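S.K.: give me a model of this one.
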Amino acid sequence: MNSAQVSRYGMVAITLHWVIAIGILILIGMGLIMDHVSLDPMRVFQLYQLHKSIGITVLMLVCLRMGWRLTHVAPPLPDSMPVRERQMAHLAHLALYGLQVILPLSGWAMVSVSVLGIPTVLFGTVPWPDLPVLATLQNKGPVEAVLKGFHHWAAWTLAVLIILHVAAVLRHVFILRDSVSGRMLPWPASASRHKRWKN
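M.R.: I've put the predicted structure just below:
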């Protein structure tokens, strides 16, 4: 199908987008709890295990989403959008995709090099291996500290990008009143609603 004929993303892309988004928001919330809330040690252990399970799941879904995106045409941005704004939108999406891969990989690496050596069992059922090489390092402490700091700041960077992404969507809905926000909605935006926004 020609990109000019595509007005919104397909249902597979939309479903992956929203499932990944929900997973990421849950992970950010869990990360804040693990960093700033005093919990019982067993509860902390359970939270970390669930955090790892959701993180790996999100990584797999993001890889699927990227594969789907590379093989399916995306709806075009409005012709009225300035070139610089198109470029910024493209860079923002690349950054979002990149962080969605880097964050779970850095978490996986951090777990693999952990001095505690606690195994990862996804959702208490599926054993998940450590990354090669990292699990066999002799002096894991410094590497774990670096990865922990990287993971922490990468998470904050992703959170900021998500806020900017949501702000951009709201701008398209309430200020520009164009069709951009409707491209990723689970339901088609009605013509009457779009006309009402424009008036």
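
S.K.: every contact and neighbour count from this point should use C-alpha atoms.
M.R.: Will do.

S.K.: pull out the buried residues from stretch 113-123.
M.R.: 113-115, 120, 122 (16 or more other C-alpha atoms under 10 Å).

S.K.: an error on my part: the question was meant for stretch 143-163.
M.R.: Residues 143-144, 147-148, 150-152, 154-155, 158-159, 161-162 are the ones in stretch 143-163 that count as buried (16+ other C-alpha under 10 Å).

S.K.: quick check: mean pLDDT of that stretch?
M.R.: For stretch 143-163, the mean pLDDT works out to 97.

S.K.: can you give the distance of it from its chain's centre?
M.R.: Put simply, stretch 143-163 sits 13 Å off its chain's centre (C-alpha atoms, centre = their mean, to the nearest Å).

S.K.: do the same with stretch 90-110
M.R.: Relative to the centre of its chain, stretch 90-110 is centred 7 Å away, using C-alpha atoms, centre = their mean.

S.K.: give me the contact list for that stretch.
M.R.: Contacts with stretch 90-110, where a contact means C-alpha atoms under 8 Å, 6 or more residues apart in numbering, come from 52, 55-56, 58-59, 62-63, 66, 130-131, 134, 144, 147-148, 150-151, 154-155, 158, 161-162, 165.

S.K.: looking at this structure, which helix or strand is least sure?
M.R.: Using mean pLDDT, DSSP states H and E, the weakest-scoring helix or strand in the chain turns out to be helix 191-198, at a mean of 45.
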